[in-house]
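Novice: Got a predicted structure here, sequence first:
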Amino acid sequence: MVFRLKERLGKRFEEEVQFFKGWQKDKKGVGAVIPTSIHTARRMASVVNPRSGLAVLELGAGTGVITKAILARGVEPRQLVSVEYSRTFYDGLVERFPGVDFRLGNAFQLDQVLSDRPSDQFDCVVSAVPMLSFPMERRVALLEDLLARIPAGRPVIQITYGPLSPVIKMPDRYVVSHYDFVIRNIPPAQLWTYRRSG
């Protein structure tokens with residue numbers, strides 16, 4: 001029992017060190033100093049419907065905390081497509097989660113990253129892209145691209161560390177909802193969902 005606890009704490013510490021190094025290399029691209037907490041990851045993964053028959057699209061997998069929570073929801077590894085911008089994080093993810101369809105690339109260039117599945121629909125999108133690091137027009141363009149890749153009514157869930165939705169409200173184009181405020185995260189995290197209007 002004590003050994004297992006030490007092993008878990010050791011792995012968590014390694015993840016945090018790896019994440020911090022990634023943040024030092026690319027502060028804009030990583031957007032946080034330490035990984036998302038397991039509590040936040042579970043809340044984000046709670047929007048996934050593992051019985052939909054569709055793959056799930058994850059953006060910004062980092063060290064894999066959210067990836068693990070999505071798989072724990074009952075999603076088969078082959079049914080998870082995960083995009084990661086950092087080569088260091090990507091290499092670690094491929095090793096840690098065999099069978100998951102990891103893509104090394106930019107979430108803002110999904111036509112290129114998902115060029116082999118251009119018309120695929122996904123159950124939902126679970127995003128940890130550091131939206132606040134980018135201009136609003138790019139955030140809106142990314143969100144609308146994501147919404148076009150999922151069925152009407154299904155969500156894009158986004159984590160952010162600001163008090164407001166990181167994507168401006170446009171009720172005629174999409175519906176913005178506050179999903180949760182997770183205190184058990186450093187820093188505390190806001191979760192937002194976005195769905196197509198109508």
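Specialist: Here it is on my side, so go on. Everything numeric here is computed off the predicted structure, so don't read it as measured data.

Novice: Just give me the residue right at the centre of the chain.
Specialist: The centroid of the chain falls nearest to residue 127 when counting by CA atoms, centre = their mean (3.0 Å).

Novice: Report the secondary structure state of residue 58.
Specialist: strand (DSSP: H, G, I helix; E, B strand; the rest coil).

Novice: Tell me which helix or strand the residue nearest to it when sequence neighbours are not counted sits in.
Specialist: The shortest distance from residue 58 to any non-neighbouring residue, by CB to CB, 6 or more residues apart in numbering, is to residue 82 (4.2 Å). For the C-beta atoms, the positions are set from N, CA and C on the backbone; glycine is no exception. Assigned by DSSP states H and E, residue 82 belongs to strand 80-84.

Novice: Next one: residue 144 relative to residue 160, how far apart?
Specialist: Distance, residue 144 to residue 160, using CB to CB, to the nearest Å: 18 Å.

Novice: Distance-wise, check the nearest residue to residue 184 once chain neighbours are set aside relative to residue 96.
Specialist: Distance criterion CB to CB, 6+ apart; nearest residue to residue 184, sequence neighbours excluded, is residue 39 at 4.3 Å. Residue 39 sits 20 Å away from residue 96 when distances are taken as CB to CB.

Novice: again, but for residue 167
Specialist: Residue 167 is 30 Å from residue 96, by CB to CB.

Novice: could you pull out the strands for the chain?
Specialist: 55-59, 80-84, 101-104, 122-127, 156-160, 174-182, 189-196 (DSSP state E).

Novice: how about the third one: buried residues?
Specialist: Read that as strand 101-104. 101, 102, 103 (16 or more other CB atoms under 10 Å).

Novice: quick one: pLDDT of residue 10?
Specialist: Note on residue 10: pLDDT of 55.
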